[in-house]
Structure formats: C-alpha cells, structure tokens
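> below: sequence and its predicted model.
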Amino acid sequence: MTTPTDCPPLVGRPVLATAAARRDGNRPLVPWWTFAVAWLAVAALTVLATAGVVGQDDPGAQPAIDVAVAVLALAVLPLLWSRTPRNAPVLGALMLASLAAYSGAATPASTVATLQVTRWYPARTAVPVAVAGFLGHALQALWRPQALPLGWWLLCDLAVHAALLGWGMYWQARAQLMWSLRDRARRAEREQERRVAEARVAERTRIAREMHDTLAHRLSLLAATAGALEYRPDADPAQLARAAGLVRAGVSSALGDLRDVVRVLRADPDDAEGAPAPQPTLDDVDRLVAEAREAGGDVAYERAGSADVPRAVEVAAFRVAQEGLTNARRHAPGSPVVLRVEARAGQVRVTVSDGGPRLVAVGGALGVASGKGTGTGLVGLRERVDLLGGTLDAGARDEGFVLDVRLPWDA
C-alpha cells in the first residue's frame, strides 16, 4: 500500500483524501457544507440508536449513560474531518470505539469513523482501528443484552467491520488510480506542450539562421558594390549603371527577405508559413560566385567531383560557401578569394581562403579596410556542421584566413 509520503498533496481540493493523495499527513480541506451534512446524518442515526437502546427492556439500563455516550460521540465526530493534529481521525475513531463498548448509542459514529480511517490511511493503520471497533462492540455485547445470541452477534460484528475495511480500502485504491490517471494525463499534456514549444523555437531559430546567412550575403554584396562606386566615380558610365542596378536589385531582395522574417516572427507559430525560399544546392554556388564577381570581387572557383550528395549536405555546403564569401568581403575586401568545392563519395569538402586585408586609401591615407562582425555567422555555421557530423576548421593561415569544412554522409 502506498504510504502518505509517496504522492503529492491534494490540499484545497473538495474531495476526501486517500493514502495515495496525502503527503506529510496533510489531507484536502473539506467544504463546511460536506462536514455539516455528514454530521447531521450521523446525528440523526445516533438519535435513533439512542432511542432504541433506551427503549430496550433492560432492568439494569441507565438511560443517562446512553444519552451521555451519544452526546460524547457527536462531540468527538468532528475529529474525523480535522487536519490538526495529524492523526486526529485515528484518535477520534479509537475514542468512538471505546464509547461503543459502553453503549450502542455510539455505534453509528464508530462505524463512520472506521470507514473514514480506512479511506484516509494505509492498511497498517486502518486494520488496528477496525479491530478496535470490533472489540468495542464485542465488549458491549458482553454486558448489555442484544437481540442476537453472543456468537451470532460477534460474527455479524466481524462481518460488518471487515466489510467497512474492504470498502474503505477499495475506495482508497480507486481514488488513487483516478488521481494517477489524472496526473498522467496532466504530465502528458505538459510534455506535449513542451515538445510543441521546442519545435516552435527550433523552427524560428532555423528561419533566423537562414535569414542571417541570406541577408548577410546580400548586404555584403551591396557594401562591396557601393564601395566600388565610391572609389571609382570616374568609371565607365555603363559600368556605373550596371553597379547601380546591382545595388537596386540587392536592396529589393534584402527588403523582401526582411519582410518575410518580420511576417514569420509576428505570426502565430501554428499558422506561420515560414520564409520558404527554395533550398539551395551545390549548383547554386555558381550564382554566389557570379554575384561576388559582379560586385567587383576577385573570386576563383574550383569544383571537383560529381557525387550524388544528399539534400541536407548540399544545403549545408552552400551555406558554408556563402558564409565564407561574405566573411571575405567583410574582413578582407579587395583580397583575392579562392573557393573550392569537392564532392566525393561519402564527403563534401568546402574551402574558402583569402589573402588578408588590403591597404586602401581612406581619407587621404593608407589604411586597412576590414569590417567588424559579431561572430554569430561562424557560430551558427559550426552548429549546422556539427548536426551533420562534420568538422569545421577556421583560422588565420599565412597572411589570410581559411575556412575549411568537411561534411560526411553515408555513401
């Protein structure tokens, strides 16, 4: 049988407590009207029992004792619903069993007490209380005349208290089962809500990562093109017009991406359609290189191998190339960049290397043109690579910076 300390409390619930629903001896509060109805019902039965006992044809009967026992039984009855002291119901049940040994006027209250204790307490407590109730009524039969012979009286007394004990324990087990099912349902509901919340956060994080990669790439192209317009105002008008067109197209695309992000973040996660641009492939790396060259970048592109690469690995390889070109434009503008993509059976390797920052004329003097970044791009990239079981190596080599990523898969 479950002990009172095995289960959480149900304090404050308008239901009777069980041993499975108790903790540290605390039982739920019982509404006053429930106690009032129960007390009135037992009081009515006690009055009837007292009238029956007093009306017996017993020369040695003392009606005053029977009435006093009835009054004491009704006075002790509130202990059965008391929460203080901790074992007040047990104490009340034992007192009522003792009163039942003097007079049958305490029989209704003693019977209710046995039932209450068996509902609230484990068997190791309920059984002794039921035995005490049985012994109290057995003593009553020894010195007060009863309608049945002593043997039959004891048998009926034993059957009644055994039935009370079994009924109370069944009621307790059923309440414990219902509490367990409700608790399991609440846990399952909370777990489902947690999984849904995690899925929402993961989806929004994915969208934010994708938009970071895309927007950073577009804005770095815009910065490179605008820089070319600033430092070469004497360029051919056709080149200036083409560069201005690139800036206009880049700004339009960046604004579209930004609107998608804002729409997704403002929408209800259950109704959000996301920012579902088609997922890039390795073939789209050519577009990245073409855009970088149109923006004035010196990009050399080498591609080797023609293995059938899984979709997730293709997307990750494209993002590696995109982040590498973006970082090269930001931190080493004007430096030659070499991009290598090698797709072999079981692995894709992407390498982006630059020659380091270049000295340029800034405000009439020579200076290093190098943009400042937050480092979140490489952090997100490393997380993406780790999820695919790949490796990322990024750091300075010679005078430049090298990003080397290997993405394996089961060939």
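Here it is on my side, so go on.
> ok but Ser335 is inside a helix, no?
No. Applying DSSP: H, G, I helix; E, B strand; the rest coil, one finds Ser335 to be coil, outside a helix.
> can you name the residues that contact it?
298, 328, 354-358, 400 (Cβ atoms under 8 Å, 6 or more residues apart in numbering). The way it works is simple: take the backbone N, C-alpha and C, and place the C-beta from them, glycine included.
> one more: Val320?
350, 352, 381, 385, 403, 405, 407.
> for Tyr301, see how far away it is.
14 Å (Cβ to Cβ, to the nearest Å).
> hang on, the earlier thing: nearest to Asp283, of the contacts of Ser335?
Proximity to Asp283 was ranked across the contacts of Ser335 by Cβ to Cβ; first place goes to Ala328, at 21.2 Å.
> and the closest one, how many neighbours?
Counted by other Cβ atoms under 10 Å, the residues lying close to Ala328 total 28.
> what ranges do the strands span in this protein?
Here the chain has its strands, by DSSP state E, at 299-304, 337-344, 347-354, 359-362, 365-368, 391-397, 400-408.
> my guess is Leu403 contacts Leu325. True?
No. Using Cβ atoms under 8 Å, Leu403 is not in contact with Leu325; the gap is 9.7 Å.
> what sits in contact with each of those two?
Listed as contacting both Leu403 and Leu325 by Cβ under 8 Å, 6+ apart are Val352.
> and the buried ones among the contacts of Ser335, selectable in PyMOL?
Buried residues within the contacts of Ser335, by 16 or more other Cβ atoms under 10 Å, are selected in PyMOL with:
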select buried, resi 328+354+355+356+357+400
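> so who does the closest residue to Ala394 other than its chain neighbours touch?
Distance criterion Cβ to Cβ, 6 or more residues apart in numbering; nearest residue to Ala394, sequence neighbours excluded, is Leu403 at 4.9 Å. Counting by Cβ under 8 Å, 6+ apart, Leu403 makes contact with 320, 323-324, 327, 350-353, 392-394.
> any figure for the gap between the nearest residue to Tyr301 once chain neighbours are set aside and Val402?
Among residues not flanking Tyr301 along the chain, Val289 sits closest, at 4.5 Å (Cβ to Cβ, 6+ apart). According to Cβ to Cβ, Val289 and Val402 sit 18 Å apart.
> the two - which one has more neighbours?
The residue with more neighbours, out of Val289 and Val402, is Val289; 19 against 16, by other Cβ under 10 Å.
> where's the more buried one relative to Gln322, distance?
Distance, Val289 to Gln322, using Cβ to Cβ: 11 Å.
> cool, His137 as well?
To Gln322, His137 is 89 Å away according to Cβ to Cβ.
> do the same with Ala49
Using Cβ to Cβ, one gets 90 Å for the distance from Ala49 to Gln322.
> just Leu255 next, same as before
Per Cβ to Cβ, Leu255 is found 19 Å from Gln322.
> okay, the two: which has more neighbours?
The residue with more neighbours, out of Leu255 and Gln322, is Gln322; 23 against 11, by other Cβ under 10 Å.
> could you pull out the helices for the stretch 101-250 of the chain?
Along the stretch 101-250 of the chain, counting by DSSP state H, counting those that start in this stretch, helices occupy 107-120, 123-143, 150-231, 237-266.
> which residues are in contact with Arg293?
Counting by Cβ under 8 Å, 6+ apart, Arg293 touches Val299.
> how about Ala321?
Contacts for Ala321 (Cβ under 8 Å, 6+ apart) come out as 285, 288, 339, 341, 350, 352.
> wait, which of those residues is closest to Asp183?
When these are ranked by distance to Asp183 (Cβ to Cβ), Val350 comes first, at 51.3 Å.
> where in the stretch 301-411 of the chain is pLDDT low?
Applying pLDDT under 70 to the stretch 301-411 of the chain picks out residues 358-377, 411.
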